[in-house]
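> only geometry, no sequence info:
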Ligand SMILES: *[C@@H]1O[C@H](CO)[C@@H](O)[C@H](O)[C@H]1NC(C)=O
Ligand SMILES: *[C@@H]1O[C@H](CO)[C@@H](O)[C@H](O)[C@H]1NC(C)=O
Ligand SMILES: *[C@@H]1O[C@H](CO)[C@@H](O)[C@H](O)[C@H]1NC(C)=O
Ligand SMILES: *[C@@H]1O[C@H](CO)[C@@H](O)[C@H](O)[C@H]1NC(C)=O
Ligand SMILES: *[C@@H]1O[C@H](CO)[C@@H](O)[C@H](O)[C@H]1NC(C)=O
């Protein structure tokens, strides 16, 4: 009996967290303190995290946590990494530095982020492979070759099936980057490093209004895609297996594959909302927990959800939804039920603890504002310097009237500027209120208080003053 219970407990633990990671992006106007984020990861049993850089404050917060880390070299630094000495230096400064008792458990270095996206116009097509090569070789030279692998998180548009035979088994890498992909795959194989792919069923839906909605989820479809003996009922499996086939065509059908990003946004588009995100994760998480894999790759897949937190200064070039991928809101509070153990319990993840907010003050359009001729310009200004993506078509605040729009924009700017009095003026059109002016389904947020940056500076200023006084006092005490 006891062993059955321990067996069960063990099973639950294994099902719960084995392999499930999250992407921790930090493109936010007001960041949660990294320590609070790490605590939140621990509180939810998340033991793998993927970063988009190797930022020292993030890394220090992760030190000693035991959380496994994939750190990253941004695309902009790829060309520098084509010089071996620079790559060695990068490894010394961003990897070796954290290799001590109580340091950071680094498992992977992501070289670039989706560098072959067609929208990048081949900007990184000639630098990605040399950078990968240099980073892994530098890791090997530093003695980490067995424990730390370099990989390149790629976008799912690096491969496709021909239009004439749109099935996963016909998958091939894009002809224009086939030489680069071949080099990369051979090199990864040689170093026993995994292939990393980002898969976004949401983007399939976003890109094509005729895309069958149900196919983006995991609940079954009336017309599966028949591929030889396999029936594909969701685009995640189909996409993943298209990659498996592309690798197989190069002779590496068994290469390990990591899903670097997968998730569903909750605002900024008609298909981005909590209900769909809930539906998506309720399909995905039980499959991952049960190590279901895909038809061509049954078994465990290492997966990183995208993302941890909403990021309100992310580029919206791909779409307004970009700032709303978090499984947590900007302030580390959960958005919808999520059971990482895959058991579909209706419970929330544990939110960030002890979050400090700015005071309960909002900025709104003056109810008695008369001359509205400059309202449009002022809204544009506010939205240029803050995040108004919730106002767009299909988004949570799209139902506001023109006055509501103005208040929303003014408040977002006011919060972004730390509620500075002067940030709620707008040529006399705006006024501060202590009433919560949120509307049904449209929250007018209060930002989190700027983190330690000010309190970090105060002690050092104090220290400087003390040093100053000691130094002027010294001659007298001698
Ligand atoms: C690597 O470390 C250096 C030195 O701390 C830092 O300046 C640099 O930003 C780090 N690289 C990345 C990609 O974060
Ligand atoms: C790629 O090219 C298009 C068209 O020439 C241009 O509009 C776009 O800004 C370019 N993107 C990048 C990242 O260079
Ligand atoms: C990449 O290298 C090839 C071959 O040397 C060259 O033809 C191409 O212009 C380069 N592309 C870019 C974007 O630098
Ligand atoms: C509010 O702003 C959004 C986004 O700019 C716009 O689509 C919408 O039409 C505006 N609504 C009104 C009533 O002006
Ligand atoms: C304001 O009201 C909204 C909607 O009821 C709520 O979600 C939000 O938490 C409230 N904000 C504050 C600071 O109380």
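Great, that's in hand. Nothing here was measured: the structure is a model prediction, and the numbers come from that model. Ligands and ions are numbered 1, 2, ... in the order given.

> List the contacts of residue 302.
By Cβ atoms under 8 Å, 6 or more residues apart in numbering, the contact set of residue 302 is 19, 21, 48, 194, 258, 259. C-beta coordinates here come from the backbone N, C-alpha and C atoms, glycine included.

> can you rerun that using 6 Å?
Applying Cβ atoms under 6 Å, 6 or more residues apart in numbering, we find residue 302 in contact with 19, 258.

> Please determine how far it is located from ligand 4.
39 Å (Cβ to the nearest ligand atom, to the nearest Å).

> just residue 44 next, same as before
34 Å.

> try residue 203
22 Å.

> Residue 147 now?
For residue 147, the distance to ligand 4 - Cβ to the nearest ligand atom - is 49 Å.

> How about that residue: what's its closest non-neighbour residue?
residue 107 (7.4 Å; Cβ to Cβ, 6 or more residues apart in numbering).

> Over to residue 393?
Per Cβ to Cβ, 6+ apart, closest to residue 393 is residue 270, 6.8 Å.

> per-residue confidence for the one you found?
Model confidence at residue 270, given as pLDDT, is 97.

> Does it touch residue 392 like I think?
No - at 9.5 Å, residue 270 does not count as touching residue 392 under the criterion of Cβ atoms under 6 Å.

> Compare the two (neighbour count), which wins?
residue 392 (18 against 15; other Cβ atoms under 10 Å).

> What pLDDT is listed against the nearest residue to the more buried one once chain neighbours are set aside?
Spatial nearest neighbour of residue 392, excluding adjacent residues (Cβ to Cβ, 6+ apart): residue 320 at 4.9 Å. pLDDT for residue 320: 97.

> residues contacting the residue nearest the centre of the chain?
Geometric centre of the chain, nearest residue: residue 307, 3.5 Å, by Cα atoms, centre = their mean. Neighbouring residues of residue 307 by Cβ under 6 Å, 6+ apart: 23, 25, 325, 326.

> from these, which is closest to ligand 4?
Of all the contacts of residue 307, residue 325 has the smallest distance to ligand 4: 20.4 Å, by Cβ to the nearest ligand atom.

> right, and the closest one touches residue 306 too?
Yes - under the criterion of Cβ under 6 Å, residue 325 makes contact with residue 306 at 5.4 Å.

> neighbour-wise, which of the two wins?
Using other Cβ under 10 Å as the criterion, residue 325 and residue 306 rank with residue 325 on top: 27 against 23.

> what about that one, distance to residue 125?
For residue 325, the distance to residue 125 equals 26 Å [Cβ to Cβ, to the nearest Å].

> And for residue 29?
From residue 29 to residue 125 the distance is 33 Å (Cβ to Cβ).

> quick one, which of those two is more surrounded?
Set residue 29 next to residue 125 and count neighbours by other Cβ under 10 Å: residue 29 wins out with 19 against 15.

> Mind telling me what element the more buried one is part of?
Residue 29 belongs to no helix or strand when elements are defined using DSSP states H and E.

> Need the pLDDT of the closest residue to ligand 2 within the stretch 201-350 of the chain.
Proximity of the stretch 201-350 of the chain to ligand 2 (Cβ to the nearest ligand atom) peaks at residue 317, 8.8 Å away. pLDDT, residue 317: 94.

> Leaving out the residues flanking it, which one is nearest to it?
residue 119 (7.7 Å).

> Any residues of the stretch 251-400 of the chain in contact with ligand 5? List them.
For the stretch 251-400 of the chain, the contact set with ligand 5 under Cβ under 6 Å from any ligand atom comprises residue 360.

> Recalculate using a threshold of 8 Å.
357, 360 (Cβ under 8 Å from any ligand atom).

> which residues touch whichever residue of the stretch 251-400 of the chain sits closest to ligand 5?
Shortest the stretch 251-400 of the chain-to-ligand 5 distance, computed as Cβ to the nearest ligand atom: residue-wise this is residue 360, at 5.2 Å. Applying Cβ under 6 Å, 6+ apart to residue 360 gives the contacts residue 434.

> separation between it and residue 309?
22 Å.

> do the same with residue 135
27 Å.

> near ligand 3, which residues of the chain show up?
Residues of the chain lying near ligand 3 (Cβ under 8 Å from any ligand atom): 121, 122, 123, 125, 126.

> One more pass at 5 Å, please.
Contact residues (Cβ under 5 Å from any ligand atom) of the chain with ligand 3: 122, 126.
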